[in-house]
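Participant: Task: produce atomic coordinates for the following.
(3 chains)
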Amino acid sequence: MRREPPQRLADYGPLFFPAGMLTLFFVVPFATMIAVSFFQRQQGGFYTPDFVFDNYARFLSLFFGKVLGFSLFLAIAVAIACVVLGIPFTYLLARSKRRIQVIWLVALLCILSLSEVMIGFAWSTLFSRTAGLTNLLVWLGLVSQPQALTPSFGAVMTAMTYQAFPYTVLVIYPALVRLDPTLTEAARTLGASPIKAFFTVVVPALRNTILATLIMVFIFALGSYLLPQLLGRPQHWTLSVLITDQAVYQSNMPFAAAMAVFLVLVSLALVGLALYAGRQKEAK
Amino acid sequence: MNALRRLFFLAVGLFLALPLIVVAGVSVNQRQSLTFPPQGFSLSWYGQIFTNPEWRNALIASLTLAASSALLALLIALPLAWFLWRRVAPWANIFQLLGVAPFTLPPVITALGLLTFWATTGFYGQSWTAVVSHGIFFVTLPLVTLSLGFSAIDRSLVEAAATMGADDRTVFRTVVLPLILPYLVSGYAFAFVLSLNEYIVAYMTVGFTMETLPIKIFNALRYGYTPTMASVTVLFLLVAAVVFGLVARFGDLPKLLGAMSEEK
Amino acid sequence: MSGLNINHVTKQFGTFTAVNDVSLSVPEGTFVCLLGPSGCGKTTLMRMIAGLDLPTQGSIELAGSDITGVPTHKRELGMVFQSLALFPHLTVGENIAYSLRIRGVAKDVQKKRVEELLGMIHLPGFADRSVNKLSGGQRQRVAIARALAISPKLFLLDEPLSALDAKLREAMQVELRQLQQRLGITTIVVTHDQREAMTMADTVVVMNKGEIRQAAPPVEIYRRPADSFVADFIGQTNLIPVEADSAGRAVILGQTIEAFSMPAGTTKGVLSVRPEDVQITAPGNGAIPATVTFIRDLGGAIETFVEAGGTQVIAVSSPRSRPEVSVGQQVGIRLDPATSVVLAR
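Facilitator: Model prediction:
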């Protein structure tokens, strides 16, 4: 068996089904969404084909500007929180015994796969008046009355960090496991304390990984849809919430599609900017 | 240093476990109230999942959807990953990219894309569209595990099989498939568990005609509280723990998640 | 004719020419070693014989028919890979039976053949073992047995012994040669180890930079190297510059020696003298004057390094004929025309 370019039509055989499925059910829907973003909304139905910019013009308002700004701010805040927490954690994890690593990985996978609905429900319970954390504080005598901690920005932020943390660890994990342990050992022999070695050797060596992780967690957090709704006030709703709201409850698919296209463009632009900035720094 | 590490691990562990402990606690409350620590002890809310027809139907819908969409994801990923490994065709990497994209973009994008697509083609609301949607959405997982699995196969094994008289098809059946099997199973497991828990894509495509468990919980949340949500959450957590535990037991989980093989 | 014929085969990878216009004829039943430094094209040549790579130009014939474009699996080969490529998901017996199984040979016939082969490689009763639990030497034998299961027309081995330690390697070389002679199978081995090639081969093919430099029996390669590359690559040798004086006599290390004749039409060349053919004597009386610079006593042999006319020359002698010299001593060296070759430069 030689590994070479496919030559006969039959050699392409295995590609037909996957390529067809991905094209038909991912590329075409994506294109449909872009097309719909230029369509006219039809009252009582879905939409009528057209080519108008109304849907884009509509969210160039202060309200949608605020929502977009808040969405980006929230995603960036979550990404930073996760990376700050995740890097030292993953660093220590990667240096633990294999058994301990496996147990943590299984636990992280369980939480990562846990439905957003369930994460939202779990945190709303933990932050509730009747079954929540504040009962513990009452019991400890720190506060006099149990109280609800939701809805609040803190609750949204905490739950989203909770949701994105396993993802962050799993994204950084390969790079940290492969990091040459003799690097820090060398730094230690040169007189650096473990913590100093971590900041002067590990963090700089991983700069590109950290940047990539920030971007990936940012996009991941941008997609959070239920947590702002379950744990936040309306002013904490993200663009994802508005998109779903417009598409499902307001039956305004063209407008939802326009917002989705805009979301893709904004996130791609931010990713591009971050990558560009990373490369500029690299060049120096 | 070691104490510091333990403390840090403990803090992270507590952060991750606390909400789940509370949920597990409220799931065994005797009465239908949201209180922690639980008052009394009862497993009746777990029974509810199977006896209450609404919850049972949602469970069956979720399991059916997860089992079939994970299979579809595998059927898309396997030939693609095999082709990319078997042939020199750099242009075909575009399909690899397409396979990874749905999972990397904010899910609401994929969900809305599929919603507009099903609405335009007139299939909106039919239950099989959820299978296709999830199959595409989660194709990333088996694609990544299988690509990893293929890259771990020593090509000289395939060449050896060829020198012994095996044609392409025989090589695939007798050498490649047995070696790729652990990755096939874990790819399926990942897709299955994530599909079981997925909300937004399922909701946007079939939310009005079919209730999966996450959709059911969300709908129930809006009308108030029932401890069954807590018991379902614990049940799902257990399913995930068992599945990933098995993957870890019979496969090399650190390697599967991108670490180099440590054969100790 | 039967056997293997390689006709003007060239293989290019992009702009890099791995094998350049190679022709070679391997008579049936002979044992050929492709020998050369890494990157000389020997493995590429073998992969083309196996059909794992396609030649850019040229043709390959096996047993009288052109197999250049025939896919690997239809060539009826047996091949042992450098990594051995034992299937990790199969037992020893299943590995050996693989080529029989995919040909649909009956189960009991397979079993009998596996037992036969396990006996041949001195591992009876190993059929149900896992290949991952075998020692290096055992894995080696299993790979050989697996390649021979169908009694192939051609037996190919790519650096088959490179993973073994030196002692085991030497034992396996002898065993492999005896096995080949017993089966009378046409065999090609790729190796970079010249001792291995000398031990096993009927014909040694020395390659460098994609070309065959010499193809001859081991003794001839050693005694009559075709050029200075071969002389230097095979065993240890002294390469000493030779020039012709105005009368056409050879001048070696500043001394005119009549007994050597230059290759026709050349005035400059290289003399290849094996260290064991360098004789250390008292200075004068026609010997080339030299100074001892270093003596290395290896127990089984003594190497004496001398400097003559600005060139280092090494002489090897056995402990019985140890030259009584010490570092710094003036000596003479004698070169025997019968055991030395003058090569074109």
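
Participant: Which residues are in contact with residue B:174?
Facilitator: Listed by C-beta atoms under 8 Å, 6 or more residues apart in numbering or on different chains, the contact partners of residue B:174 are B:161, B:166, C:98, C:101-102. (Each C-beta comes from the backbone N, C-alpha and C, glycine too.)

Participant: ranges for the strands of chain A?
Facilitator: A:40-41, A:47-48 (DSSP state E).

Participant: between these, which gets nearest to chain C?
Facilitator: In terms of C-beta to the nearest C-beta, the element of the strands of chain A nearest to chain C is strand A:47-48, at 53.2 Å.

Participant: mind listing what residue B:76 touches?
Facilitator: Contacts of residue B:76 by C-beta under 8 Å, 6+ apart are A:17-18, A:21-22, B:99, B:135-136, B:139, B:143.

Participant: and if you look at residue C:126?
Facilitator: Neighbouring residues of residue C:126 by C-beta under 8 Å, 6+ apart: C:92-93, C:118, C:134, C:138, C:142.

Participant: Nearest approach to chain B belongs to which of the strands of chain A?
Facilitator: strand A:47-48 (8.4 Å).

Participant: List the residues that contact the residue in the stretch 101-250 of chain C that chain A sits nearest to.
Facilitator: Nearest residue of the stretch 101-250 of chain C to chain A: residue C:102, at 13.5 Å (C-beta to the nearest C-beta). Residues counted as contacts of residue C:102 (C-beta under 8 Å, 6+ apart) are B:164-166, B:170, B:174.

Participant: Can you select the buried ones from the residues you listed in ChimeraX?
Facilitator: Buried members of the contacts of residue C:102 can be picked out in ChimeraX with the line below, counting by 16 or more other C-beta atoms under 10 Å in any protein chain shown:
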select /B:164,165,166,170,174
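
Participant: Which of the contacts of residue C:102 fall in helices?
Facilitator: Judged by DSSP state H, the contacts of residue C:102 include residue B:170 as members of helices.

Participant: quick one: which two of the contacts of residue C:102 are the most distant?
Facilitator: In these, two members sit farther apart than any others by C-beta to C-beta. They are B:165 and B:174, at 11.1 Å.

Participant: Point out where the stretch 1-150 of chain B drops to low pLDDT.
Facilitator: For the stretch 1-150 of chain B, the stretches flagged by pLDDT under 70 are B:1, B:33, B:35-36.

Participant: need the longest helix for the chain.
Facilitator: By default, I'm working from chain A. Selection of the longest helix in chain A by residue count, based on DSSP H, yields helix A:62-94.

Participant: ah, no, chain B please
Facilitator: helix B:53-86.

Participant: Check which residues of that one are buried.
Facilitator: Neighbour-count burial for helix B:53-86 flags B:55, B:58-59, B:61-63, B:65-66, B:68-86 (criterion: 16+ other C-beta under 10 Å).

Participant: backbone phi and psi for the residue of the stretch 101-250 of chain C closest to chain A, please?
Facilitator: The phi/psi pair for residue C:102 (degrees, to the nearest 10) reads phi -70, psi -10.

Participant: on that earlier part again, which one of the contacts of residue B:76 sits in the busiest neighbourhood?
Facilitator: residue B:139 (32 neighbours; other C-beta atoms under 10 Å in any protein chain shown).

Participant: Perfect, I'm done here.
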